[in-house]
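Visitor: Next input, structure requested:
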Amino acid sequence: MNTIIDSIMSGVVATVVMTLFLWLLHYTGMVNADMPRAIGGIFTRSSDNALVVGTVLHFIAGIVFGFVYIAIWSLFDLDTTLLLFTGAILGAGHGLVVSFALIIFIAERHPLEQFQSAGFEVAVAHLVAHVIYGIVLAAMVASTGVSIPLPT
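Guide: Predicted coordinates for the structure are as follows:
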């Protein structure tokens, strides 16, 4: 049971830190990085409740991806340094996919006008945010020692 709870909590903490980073970028006016509202707007097709829906979905995704990252790490016996490094690498790969999807597929078709333009700055913000997610998740895993028992 601790594996499930520790994995969920690790995903939540990593998502909180990632979301705070994006919030800081967005609310200082550096870049339009309001990811939870953008995610919610895809589903609500309006600003109404977009933040609530998007935040819930963003945290669910953070937990699910936490389990995926942890499952990958469970295949190897990594010390803390390698865990943090691979967290950054997994986050960068994840961030590249998200950034590419934002620019190519999502922005043009987004139902909310404020998210219909996603340039290089938005892509870089999300890439960095996902690297942060991977590193924070790795730090949580290193501190809790959580791993997912995989069939051999």
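Visitor: in this structure, which spans are helices?
Guide: Secondary structure of the chain (DSSP state H): helices at 2-27, 35-44, 50-74, 80-101, 120-144.
Visitor: mind listing what's buried in the first one?
Guide: Burial within helix 2-27, assessed by neighbour count using 16 or more other C-beta atoms under 10 Å, is assigned to 3, 6-11, 13-15, 17-19, 21-22, 25-26. All C-beta spots, glycine's among them, are computed from the backbone N, C-alpha and C.
Visitor: for the helix or strand bottoming out on mean pLDDT in the chain, packing partners?
Guide: Each helix and strand of the chain was given a mean pLDDT (mean pLDDT, DSSP states H and E); the minimum falls on helix 35-44 at a mean of 87. Judged by 3 or more C-beta pairs under 8 Å, 6 or more residues apart in numbering; DSSP states H and E, the packing partners of helix 35-44 are helix 2-27, helix 50-74.
Visitor: quick check, distance from it to the centre of its chain.
Guide: When C-alpha coordinates are averaged (C-alpha atoms, centre = their mean, to the nearest Å), helix 35-44 and its chain have centres 14 Å apart.
Visitor: now do stretch 43-58
Guide: Shown here is stretch 43-58, whose average C-alpha point lies 16 Å from the average C-alpha point of the whole chain (C-alpha atoms, centre = their mean).
Visitor: Please point out which parts of it sit buried.
Guide: Residues of stretch 43-58 classed as buried under the neighbour-count rule (16+ other C-beta under 10 Å) are 44, 50, 51, 53, 54, 55, 58.
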